[in-house]
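Asks: Take this sequence and fold it.
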Amino acid sequence: MTDTIEQIAEKFAITEQIYRYCRSVDRLDVPLGHSVFHEDATADYGPTGYRGTGRGAIDWICEAHTHLIAHSHQVSNINIVLDGERAGSEAYVTATLRMERDGRMMLMEIWARYCDRWSKRDGTWRIDHRDTVIDYDSIREVTPMNHHQWAKRDLQDPSYAALGAAR
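Replies: Residues are numbered from 1 along each chain as shown. Sure, this is the predicted structure:
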């Protein structure tokens with residue numbers, strides 16, 4: 001079945017929120033991350049991760065990421081099913097994280113899926129509940145090619161100038 005223009009617009013709005021989530025944790029932008037979840041949202045990052053409020057998940061992730069040197073979340077294979085003002089989605093994510101441990105540069109790689117339940121309230125789609133399902137993870141020592149200083153994990157990152165710090 002072919003989606004209508006309205007359904008495509010709704011799916012695009014949800015997809016944009018998923019992208020904002022990734023940007024928020026990569027730039028450690030807590031307010032942006034909070035804006036992706038409804039105030040009463042919940043999140044479950046699995047038995048070894050965070051369980052609690054959606055906005056609390058952002059706080060937890062951004063705090064944990066301050067100890068990392070760099071990180072990047074890539075999202076693909078986004079599937080969305082609409083049901084009026086409610087929706088469900090599954091998005092595949094690859095998170096690549098770099099940290100120093102005992103004087104060695106380490107690379108963590110996580111393959112996971114964001115399984116989200118959404119609702120549209122006051123004209124905006126936000127997450128009601130997120131289950132993060134980790135399918136694979138690894139950590140290994142790596143040799144950096146360069147020391148990259150231009151990328152920032154705050155409002156000084158060049159992306160904020162490019163996007164006009166739009167939220």
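
Asks: all strands for this structure, in order.
Replies: Assigned by DSSP state E, the chain shows strands spanning 37-44, 51-53, 70-83, 86-101, 104-121, 124-141.

Asks: Show me the shaky parts of this protein.
Replies: Within the chain, the stretches with pLDDT under 70 are 1, 146-153, 158, 165-167.

Asks: helices or strands up against the longest helix along it?
Replies: Taking DSSP state H as the criterion, the chain has its longest helix at helix 5-26. In terms of contacts (3 or more Cβ pairs under 8 Å, 6 or more residues apart in numbering; DSSP states H and E), helix 5-26 is packed against helix 30-34, helix 54-65, strand 70-83, strand 86-101, strand 104-121, strand 124-141. For glycine as for every other residue, the C-beta is placed from the backbone atoms N, C-alpha and C.

Asks: between it and strand 70-83, how many degrees?
Replies: Interaxial angle, helix 5-26 versus strand 70-83 (axes from the mean of the first three to the mean of the last three Cα atoms, to 10 degrees): 150 degrees.

Asks: Could you report the separation of the spatially most central residue of the chain from residue 105?
Replies: For the chain, the residue nearest the mean C-alpha position is residue 22 (3.0 Å; Cα atoms, centre = their mean). Residue 22 is 23 Å from residue 105, where distance means Cβ to Cβ, to the nearest Å.
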